[in-house]
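Asks: structure, please.
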Amino acid sequence: MSIEPGTRLGQYEVQDLIGQGAMGVVYRAYHVPLARTGAVKVMHGISPDPDSIARFRREAQAIAQMRHPNILNVFDYGEYQGTPYMIVEYVPGGSLAAQMKKGPLDTATTLEYLDGIAAGLDYAHSLGIVHRDVKPANILVARDGTPIIADFGLVKLLQSASLNSMTGATTGTPAYMAPEQVTGTQVGPAADRYSLATMAYEMLTGAFPYQDDSVLEMLYAHVHRDPVAPSVRQPELGSGVDAVILRGLARDPNARWDSCEAFVAALRTALEAAPNPGLKRTVVMAPPVAATVPIARAKASPADATVVMPMPAPEVAVATTPMPVQSLASATVR
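Replies: Numbering: from 1, shown residues only. Down below sits the predicted model:
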């Protein structure tokens with residue numbers, strides 16, 4: 001039986017549908033004793049078998065133990081008749097992806113966001129937790145401007161659930177995936193640092209390091225091509241910014257910055273020395289995402305789609321449009 005409006009999950013009453021995406025469906029929820037609105041995220045693709053449920057519980061417990069101002073709080077988790085769910089913090093301000101589509105971000109705002117994201121990622125890495133899908137759509141922005149990282153652990157759960165009979169698999173969003181994710185090799189904190197560098201590149205230039213038209217071309221580029229220097233897209237950035245970001249995008253994980261915060265600190269210094277440190281980027285509207293398609297025919301989806309890819313394999317599952325920011329909610333509001 002699925003979780004739907006009217007279902008009671010402990011002290012929460014499930015209400016209307018808020019959003020849905022590759023990794024779950026989210027309903028508005030009401031905490032009856034406290035008279036507070038939250039949300040319940042129902043997980044897709046996780047089998048009700050004991051091993052899968054045990055894996056979900058372990059991952060959810062690890063995520064729920066994190067407490068950081070730049071990480072979305074998970075307050076509860078469980079299963080309802082075999083269907084796993086999480087209850088998470090309510091952040092009504094919108095996603096970073098939505099803000100980037102509205103208009104250019106100046107460098108001061110960009111650095112403020114990157115500072116918070118870097119702090120949250122480094123904290124998670126210190127606990128041995130890797131996000132695996134860092135991208136603007138997974139960064140929520142609170143009313144006071146605080147960036148909050150959402151969906152920790154969900155990509156790992158999706159990968160485990162979808163590929164329980166396969167080895168050497170990878171999951172992520174093509175435009176932001178590190179080379180080691182593409183090839184299905186060991187993924188560690190350096191993969192998140194690569195994704196953060198890709199985000200910084202996008203925020204400052206309005207483009208991606210690899211501006212390819214299909215998922216296949218984008219994935220190939222991460223592994224085999226050199227990224228276009230940011231100053232080629234935005235000449236005002238200068239060679240100093242190029243050096244910082246291109247190190248963040250190094251194909252060798254060991255050649256990247258040692259931490260996310262070190263990367264942002266170096267980027268701040270380089271931007272202060274740039275010819276026009278207050279520049280604004282060009283707005284790039286992300287295209288709609290296709291439904292599940294063979295990777296060789298996937299078009300206009302590298303920026304948004306979350307893929308699960310066995311290595312090697314001729315096809316990947318390209319997810320539907322990511323959930324809106326309102327889909328990530330719980331009992332408190334920032």
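Asks: so where do the strands sit in this protein?
Replies: 8-9, 12-21, 24-31, 36-43, 74-80, 83-88, 139-141, 147-149, 169-172, 307-310, 317-318 (DSSP state E).
Asks: a markdown table for those strands, including distance to Asp133?
Replies: C-beta coordinates here come from the backbone N, C-alpha and C atoms, glycine included. Conversion of the strands of the chain to a markdown table gives the following (distance: least, Cβ to Cβ, whole Å):
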| stretch | distance to Asp133 |
| --- | --- |
| strand 8-9 | 26 |
| strand 12-21 | 12 |
| strand 24-31 | 13 |
| strand 36-43 | 15 |
| strand 74-80 | 16 |
| strand 83-88 | 16 |
| strand 139-141 | 11 |
| strand 147-149 | 10 |
| strand 169-172 | 5 |
| strand 307-310 | 10 |
| strand 317-318 | 14 |
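Asks: burial count for the nearest residue to Ala191 once chain neighbours are set aside?
Replies: Leaving aside its sequence neighbours, Ala191 sits nearest to Ala178 (Cβ to Cβ, 6 or more residues apart in numbering; 4.0 Å). Ala178 is flanked by 29 other residues according to other Cβ atoms under 10 Å.
Asks: ok, Ala178 to Gly172 distance?
Replies: For Ala178, the distance to Gly172 under the criterion Cβ to Cβ, to the nearest Å works out to 8 Å.
Asks: give me the common contacts of those two.
Replies: Ser195 (Cβ atoms under 8 Å, 6 or more residues apart in numbering).
Asks: check contacts around the closest residue to Tyr27 other than its chain neighbours.
Replies: Nearest residue to Tyr27 in three dimensions, chain neighbours excluded: Val14, at 4.8 Å (Cβ to Cβ, 6+ apart). Applying Cβ under 8 Å, 6+ apart, one finds that Val14 lies in contact with Ile3, Glu4, Pro5, Gly6, Thr7, Arg8, Tyr27, Arg28, Ala29, Val40.
Asks: switch to 6 Å and redo it
Replies: Residues near Val14 by Cβ atoms under 6 Å, 6 or more residues apart in numbering: Pro5, Thr7, Tyr27, Ala29, Val40.
Asks: run through the bridge partners of the third one.
Replies: Which is Tyr27. Following DSSP bridges, Tyr27 is listed with bridge partners Leu17, Val40.
Asks: that one against Val42, yeah?
Replies: No. Tyr27 sits out of contact with Val42 when judged by Cβ atoms under 6 Å, with a separation of 7.1 Å.
Asks: those two: which has the busier surroundings?
Replies: Tyr27 (26 against 22).
Asks: quick check: which ranges of the stretch 51-200 of the chain have low pLDDT?
Replies: 154-171 (pLDDT under 70).
Asks: hmm, try it at 50
Replies: For the stretch 51-200 of the chain, applying pLDDT under 50 flags the ranges 161-169.
Asks: which stretches of it form helices?
Replies: The residue ranges that make up the helices of the stretch 51-200 of the chain, judged by DSSP state H, counting those that start in this stretch, are 96-102, 107-126, 154-162, 179-183, 189-205.
Asks: so which of those helices is nearest Pro275?
Replies: Pro275 sits nearest to helix 107-126 of all those, at 12.0 Å, using Cβ to Cβ.
Asks: quick one: residues in contact with the closest one.
Replies: 68, 70-71, 147, 149, 189, 192, 200, 203, 259-261, 264, 268, 271, 277-278.
Asks: and that helix, C-alpha only, in PDB?
Replies: Provided in PDB are the C-alpha atoms of helix 107-126 (Å, rounded to 0.1, in the frame of the first residue of the first chain):
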ATOM      1  CA  THR A 107      30.300  37.600  -7.300                       C
ATOM      2  CA  ALA A 108      29.600  38.600  -3.700                       C
ATOM      3  CA  THR A 109      26.300  36.600  -3.600                       C
ATOM      4  CA  THR A 110      28.000  33.800  -5.400                       C
ATOM      5  CA  LEU A 111      30.800  33.600  -2.800                       C
ATOM      6  CA  GLU A 112      28.300  33.800   0.000                       C
ATOM      7  CA  TYR A 113      26.500  30.800  -1.300                       C
ATOM      8  CA  LEU A 114      29.700  28.900  -2.100                       C
ATOM      9  CA  ASP A 115      31.000  29.600   1.500                       C
ATOM     10  CA  GLY A 116      27.900  28.000   3.100                       C
ATOM     11  CA  ILE A 117      27.800  25.000   0.700                       C
ATOM     12  CA  ALA A 118      31.500  24.400   1.200                       C
ATOM     13  CA  ALA A 119      31.100  24.400   5.000                       C
ATOM     14  CA  GLY A 120      28.300  21.900   4.800                       C
ATOM     15  CA  LEU A 121      30.100  19.600   2.500                       C
ATOM     16  CA  ASP A 122      33.300  19.700   4.500                       C
ATOM     17  CA  TYR A 123      31.300  18.900   7.700                       C
ATOM     18  CA  ALA A 124      29.700  15.900   6.000                       C
ATOM     19  CA  HIS A 125      33.000  14.700   4.600                       C
ATOM     20  CA  SER A 126      34.500  14.900   8.100                       C
END
